[in-house]
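A.B. asks: sequence-free structure coming up:
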């Protein structure tokens, strides 16, 4: 018989066995169906009551973590136990991804209540800076990886010589830890970086200012993250204060030419054990007070810039040794250059959105890579996503209350997903969680994000953006074009109806066509009579599909409109329906949307069945009653 236990007082080290509990009356297992038969495994229990009616716990006096028992069957995707140095929010989300695949992740972190502690297969309490602790931890791992790069790299190099599998490799961590060496490494491999130089004293800093000009970026070589370790000198007179702000030259500093960027970009790159490379879509990162505030995916830049950024990121990671996820931070300059800022050899804040927006999250792909499983698809499964960091606004309880108010607003937003890191202490500017919103366009998402951040009231107009835009040159076209609106309403497709004249309001037509894609519009239906320039002019300005509706005018019976729309020059495609047939234009729009919307495809199939039934009923009526009666009663 199994017994429950209540633990009071100080934290106690426990070893326990979990097995299926069978009910004698039914001979079936209870909901506790997992199997963990490892009496030697020790877990640190928090100071609270612990009680389970079917779980037996026995106190164990030892504090040391025992050797892994390789006899335990592992029924997940891999028998390899993944050890993670660090148990923060990145480790927590690695554990969440691992649970989906049945992969066992153990973490080493000195905080007993670190974010990953409650989700990991095992949490060893200790410092990842302590050599003996890391060596002991490594004994329990099939592969050792990281959620933070500020670890004891000398110990990792020693462990690798002893046969421990580190991914990425210790040599990579050594390069990344020192930002100056990082710049040297990438420069030697032909990766574009801002100009830089080591500075050992004030004279060296002044010389760097003379060469690079001002403002001048002064950076710490080591232990810098979330904007820490950066200082800007706007003139030679500000050099001493910038150096002092970073702890002086004894901390190890270097100077970097100011990168006059228009956007900060990031690319999450996955490298497999076979050196295969896979890249996530390029995102824009927006920082406030040197801390990542918002991430927009994908970035709103020209395709060539995205391709170039991806190429630079891929080449940078290819120059490093070892498998895993790498975050490559980049600058897009005013003249269109891509410059590498820095690389993190681990999952990263700029990739949080991938949990909801991509077919394979960065966390799952990191596990796949370090274990040696096939890499997953990094492409986005939603048109757009925005990640917003939930940062501490105030210290202590007030900070928790403000964060929870923000989260409650997020829970009212369609497409919003909340991640709370469960950190026990609230501090200003501390990352406590994040919110990812997915949707049809960045414009729609940013409107909903404003509701969350600014506390605006949610309404249908803000929450649901139109997918189809119905435009016409004049209100005289409305009696024809209203059929498109009625048909879209029947299918439940959100839409807007606007008057956009190619001749009388050309400026508005231009701004409308250029912004439609960013606003989340997916198809444009354009009705026009007479010369009928509107459909073609809009099609020339937008990448969206345009469906033209020739509207019958007072002369030429609409033939002029039809011929005008179908005679588009090569490279300006406009789909065209019959004269005055806005219904067909709407049905074609529904079919276009249905390519990626199973619900609409199903509705369209039902619509076709209903149309078929109408025709069959009419045929039966004609056959049974004769044509004279049919016409008389029609």
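C.D. replies: Okay, I see it. Given the structure is predicted, the values throughout are model-derived calculations rather than measurements.

A.B. asks: When you work out contacts or count neighbours from here on, use the C-alpha atoms and nothing else.
C.D. replies: OK.

A.B. asks: what about residue 315, is that helix, strand or coil?
C.D. replies: Reducing the assignment at residue 315 to three states with DSSP: H, G, I helix; E, B strand; the rest coil gives helix.

A.B. asks: Counting neighbours, what do you get for it?
C.D. replies: Residue 315 sits with 16 neighbouring residues when counted by other C-alpha atoms under 10 Å.

A.B. asks: before we move on, what about residue 524?
C.D. replies: Neighbours of residue 524 under the rule other C-alpha under 10 Å: 28.

A.B. asks: With residue 394 instead?
C.D. replies: If we define neighbours as other C-alpha under 10 Å, then residue 394 has 17 of them.

A.B. asks: Could you do the one 4 residues further on as well?
C.D. replies: Taking other C-alpha under 10 Å as the criterion, the count of residues near residue 398 is 13.

A.B. asks: Then residue 617?
C.D. replies: Using other C-alpha under 10 Å, residue 617 has 11 other residues around it.

A.B. asks: which stretch of helix or strand covers it?
C.D. replies: For residue 617, the element it lies in under DSSP states H and E is helix 598-633.

A.B. asks: what helices or strands is that helix leaning on?
C.D. replies: Applying 3 or more C-alpha pairs under 8 Å, 6 or more residues apart in numbering; DSSP states H and E, one finds that helix 598-633 contacts helix 582-594.

A.B. asks: roughly how far is the helix it packs on from the heart of the chain?
C.D. replies: With C-alpha atoms, centre = their mean, to the nearest Å as the basis, helix 582-594 stands 31 Å off its chain's centre.

A.B. asks: before we move on, what about stretch 219-238?
C.D. replies: Taking C-alpha atoms, centre = their mean, the mean C-alpha location of stretch 219-238 is offset from the chain mean by 28 Å.

A.B. asks: So which bits of that stretch are buried?
C.D. replies: Buried residues in stretch 219-238, counted by 16 or more other C-alpha atoms under 10 Å: 219, 220, 221, 222, 224, 229, 230, 231, 232, 233, 236.

A.B. asks: Which positions within the helix holding residue 617 qualify as buried?
C.D. replies: Those would be 600, 601, 603, 604, for helix 598-633 by 16+ other C-alpha under 10 Å.

A.B. asks: Please state the mean pLDDT value computed over it.
C.D. replies: For helix 598-633, the mean per-residue pLDDT is 91.

A.B. asks: rewinding a little: how about the buried residues of stretch 219-238 in a markdown table, adding pLDDT, secondary structure and distance to residue 530?
C.D. replies: A markdown table is the format used below for the buried residues of stretch 219-238 (pLDDT from 0 to 100; DSSP: H, G, I helix; E, B strand; the rest coil; distance: C-alpha to C-alpha, whole Å):
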| residue | pLDDT | secondary structure | distance to residue 530 |
| --- | --- | --- | --- |
| 219 | 93 | strand | 65 |
| 220 | 92 | strand | 68 |
| 221 | 90 | coil | 69 |
| 222 | 86 | coil | 69 |
| 224 | 65 | coil | 66 |
| 229 | 82 | coil | 66 |
| 230 | 88 | strand | 63 |
| 231 | 90 | strand | 64 |
| 232 | 92 | strand | 62 |
| 233 | 93 | strand | 64 |
| 236 | 92 | helix | 68 |
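
A.B. asks: Turn these into a markdown table, including distance to residue 582.
C.D. replies: As requested, the buried residues of stretch 219-238 are arranged in a markdown table below (distance: C-alpha to C-alpha, whole Å):
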| residue | distance to residue 582 |
| --- | --- |
| 219 | 62 |
| 220 | 64 |
| 221 | 64 |
| 222 | 64 |
| 224 | 60 |
| 229 | 61 |
| 230 | 59 |
| 231 | 61 |
| 232 | 60 |
| 233 | 62 |
| 236 | 68 |
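
A.B. asks: Next one: residue 279, what pLDDT does it get?
C.D. replies: Reading off the per-residue confidence, residue 279 sits at a pLDDT of 98.

A.B. asks: no no, residue 553
C.D. replies: In this model, residue 553 is scored at 84, pLDDT.

A.B. asks: what's the answer for the one 5 residues further on, then?
C.D. replies: Predicted confidence (pLDDT) at residue 558: the value is 86.

A.B. asks: Same check on residue 39?
C.D. replies: For residue 39, the model assigns a pLDDT of 32.

A.B. asks: Could you verify that residue 438 is part of a helix?
C.D. replies: No: under three-state DSSP, residue 438 falls outside any helix and is assigned strand.

A.B. asks: Specify the beta-bridge partners of it.
C.D. replies: When bridges are called by DSSP bridges, residue 438 pairs up with residue 385.

A.B. asks: Now do the SS call for residue 501.
C.D. replies: Of the three states, residue 501 takes coil according to three-state DSSP.

A.B. asks: should've said residue 425
C.D. replies: coil.

A.B. asks: Quick check: nearest residue in space to it, chain neighbours excluded?
C.D. replies: When the adjacent residues along the chain are set aside, residue 425 lies closest to residue 396, with 6.9 Å between them (C-alpha to C-alpha, 6 or more residues apart in numbering).

A.B. asks: Relative to residue 469, how far out is the one you found?
C.D. replies: 48 Å (C-alpha to C-alpha, to the nearest Å).

A.B. asks: more crowded one of the two?
C.D. replies: Between residue 396 and residue 469, residue 469 has the larger neighbour count (other C-alpha under 10 Å), namely 21 against 14.

A.B. asks: Looks to me like that one is in a strand.
C.D. replies: Yes: assignment of residue 469 by three-state DSSP places it within a strand.

A.B. asks: Next, the residues that contact stretch 92-107 from outside, please.
C.D. replies: Surrounding stretch 92-107, the residues in contact under the criterion C-alpha atoms under 8 Å, 6 or more residues apart in numbering are 75-87, 91, 115-117, 119-124, 141, 363-364, 367, 421.

A.B. asks: Just the buried positions in that stretch, please.
C.D. replies: In terms of neighbour count (16+ other C-alpha under 10 Å), stretch 92-107 has its buried residues at 92-99, 103-107.

A.B. asks: Point out where this structure drops to low pLDDT.
C.D. replies: In the predicted model, the chain carries pLDDT under 70 at residues 1-75, 224-228, 456-464.
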